[in-house]
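1. 3D model of this:
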Amino acid sequence: MSQTTAQSPFVLATSLGRKYLMALSGLFLISFLPVHLAGNLLLFKSDGGAAFDAYSLFMSTSALIRVLEVTLVLGFLVHIVDGIILTMKNKAARPIGYKGGSGKVQSFFSKFMAPTGMIILIYLIIHINSFTLKHRIYEVGNLKFYDTVKTAFELQWGGFYAWFYVLAMLLLAFHLNHGFQSAFQSLGLNHKKYTPLIKKLGLLYSIAIPVGFAAIPIFFQLRYLRVI
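-> Residues are numbered from 1 along each chain as shown. Sure, this is the predicted structure:
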């Protein structure tokens, strides 16, 4: 039995295995974002929030969605824990400077993946507490989903929460731009013909998705300030 075969059950415990896990969990989370954005764009509909409330009620009561949510949470946990482990191992492997084993300096985006990831994690905790937990634990049945979003983006933290959300989306764009293409590289899916296309799609995705999300709090803040 070869050494590779003997170690195969423990591949996820290796640095290479963790990189695969990081890439796969990242791509899974990336696939979730357009779906989430599509639902949130109902907030722009001029119906007093009826469409968004109906969508949110379905999302909070469907048994299928509950299962998908658990899967999503597990995906986040895997990505976060794996990212922390890889960051710690990388720092231990190169305590001086930011050079990899090949002697190449890390790219600007790669260098700050961990810090942006941690800020995004803080944002997620605040976001889940402000919306999901508020409806499912703190004030069950007392609020409409649309009103919760409206109040959060207009008044929460004196209106600062809306701009914190925009900042988080800027950092998400930064994170996605590197993460999208590096996920394919980590999986060994490099090709002279298709890699440039993947990079262009990654750049487009990393701009379009965060801009879509950021437009929502900006819209509510500008409307609240009677700019629009």
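2. going forward, measure contacts and count neighbours with C-alpha atoms only.
-> OK.
3. next one: whichever strand or helix holds Met118 to chain centre, how far?
-> Secondary-structure assignment from DSSP states H and E places Met118 in helix 113-130. Remark: helix 113-130 is offset 9 Å from the chain centroid, using C-alpha atoms, centre = their mean, to the nearest Å.
4. can you tell me the element Pro217 falls in?
-> helix 195-224.
5. repeat that for Lys193.
-> Using DSSP H and E, no helix or strand contains Lys193.
6. count of residues packed around it?
-> Each residue near Lys193 was counted by other C-alpha atoms under 10 Å, and the total is 8.
7. skipping adjacent residues, who's closest to Leu176 in space?
-> Excluding the flanking residues, the one nearest Leu176 by C-alpha to C-alpha, 6 or more residues apart in numbering is Ser206, at 5.2 Å.
8. thinking the one you found is in contact with Asn177, fair?
-> Yes: counting by C-alpha atoms under 8 Å, Ser206 does reach Asn177; the two are 5.1 Å apart.
9. report all helices and strands that the helix holding Met118 contacts.
-> Counting contacts by 3 or more C-alpha pairs under 8 Å, 6 or more residues apart in numbering; DSSP states H and E, helix 113-130 is packed against helix 63-93, helix 160-186.
10. again, 10 Å this time
-> Helix 113-130 sits against helix 63-93, helix 145-154, helix 160-186, with contacts defined as 3 or more C-alpha pairs under 10 Å, 6 or more residues apart in numbering; DSSP states H and E.
11. what's the closest of these to Phe32?
-> Phe32 lies closest, by C-alpha to C-alpha, to one member of the helices and strands packed on helix 113-130: helix 63-93, at 8.2 Å.
12. now that closest one: mean pLDDT?
-> Helix 63-93 shows an average pLDDT of 87 in the prediction.
13. report all helices and strands that it contacts.
-> With contacts taken as 3+ C-alpha pairs under 10 Å, 6+ apart, helix 63-93 sits against helix 15-40, helix 50-61, helix 113-130.
14. buried residues, the helix holding Pro217. List them.
-> Using 16 or more other C-alpha atoms under 10 Å as the test for burial, helix 195-224 gives 198-199, 202-203, 205-207, 209-211, 213-214, 216-221, 224.
15. which element follows the helix holding Met118 toward the C-terminus?
-> Using DSSP H and E, the helix or strand that follows helix 113-130 in sequence is helix 132-133.
16. what's the spacing between that next one and its chain's center?
-> Taking C-alpha atoms, centre = their mean, one finds the center of helix 132-133 at 17 Å from the center of the full chain.
17. cool, stretch 139-157 as well?
-> Offset of stretch 139-157 from its chain centre (C-alpha atoms, centre = their mean): 22 Å.
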